[in-house]
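In: Using only what follows, build the 3D model:
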Amino acid sequence: MSEKRDAFVQIIKARIDEWNAEIDRLQARAEQAEADVRIEYDDQIQELKNYRDDARKKLSRLQQAGEGAWEDLKAGVELSFEAMNQAVSSARKRFK
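Out: Below is the predicted model of the structure:
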């Protein structure tokens with residue numbers, strides 16, 4: 001992989017690690033929440049996991065892409081990550 005792609009991949013992997021930590025924090029809160037609020041937590045956590053899994057798939061495709069194709073895939077990865085960032089931000093605000 002090119003240095004540019006390697007750097008991008010490392011940034012994305014670090015963000016996925018941050019999201020995993022955020023999901024873990026939300027799960028810990030959910031376990032302590034009342035039943036009615038817990039349902040909301042569980043729904044939000046599942047949504048975050050879906051975004052994360054989608055981002056992982058796109059990252060994997062990007063890593064496997066040839067030198068010419070990775071730039072095209074990069075835009076899709078960035079869109080997925082923006083959606084995930086918004087979902088994480090929303091979850092943080094919702095469950096403070």
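In: Give me the phi and psi for the nearest residue to Ser2 once chain neighbours are set aside.
Out: Counting by CB to CB, 6 or more residues apart in numbering, Ser2 lies nearest to Glu67, which is 6.4 Å off, once chain neighbours are set aside. Every C-beta, even on glycine, is put in place using the N, C-alpha and C of the backbone. Here is the backbone geometry of Glu67 (degrees, to the nearest 10): phi -60, psi -40.
In: Any regions of the chain where pLDDT drops low?
Out: By pLDDT under 70, the low-scoring segments of the chain are 1.
In: where exactly do the strands run in it?
Out: Assigned by DSSP state E, the chain shows no strands.
In: so how far is Asp72 from the residue most central in space within it?
Out: Central residue of the chain (CA atoms, centre = their mean): Arg52, 3.4 Å from the mean position. Plainly put, Arg52 is 22 Å away from Asp72 if you go by CB to CB, to the nearest Å.
In: before we move on, the earlier item: tell me, how many residues neighbour the closest residue to the residue nearest to the centre of the chain other than its chain neighbours?
Out: Excluding the flanking residues, the one nearest Arg52 by CB to CB, 6+ apart is Trp19, at 5.3 Å. The burial count assigned to Trp19 is 21, neighbours taken as other CB atoms under 10 Å.
In: show me the residues around Trp19 that make contact.
Out: If you count contacts by CB atoms under 8 Å, 6 or more residues apart in numbering, Trp19 has them with 48, 51-52, 55, 84, 88.
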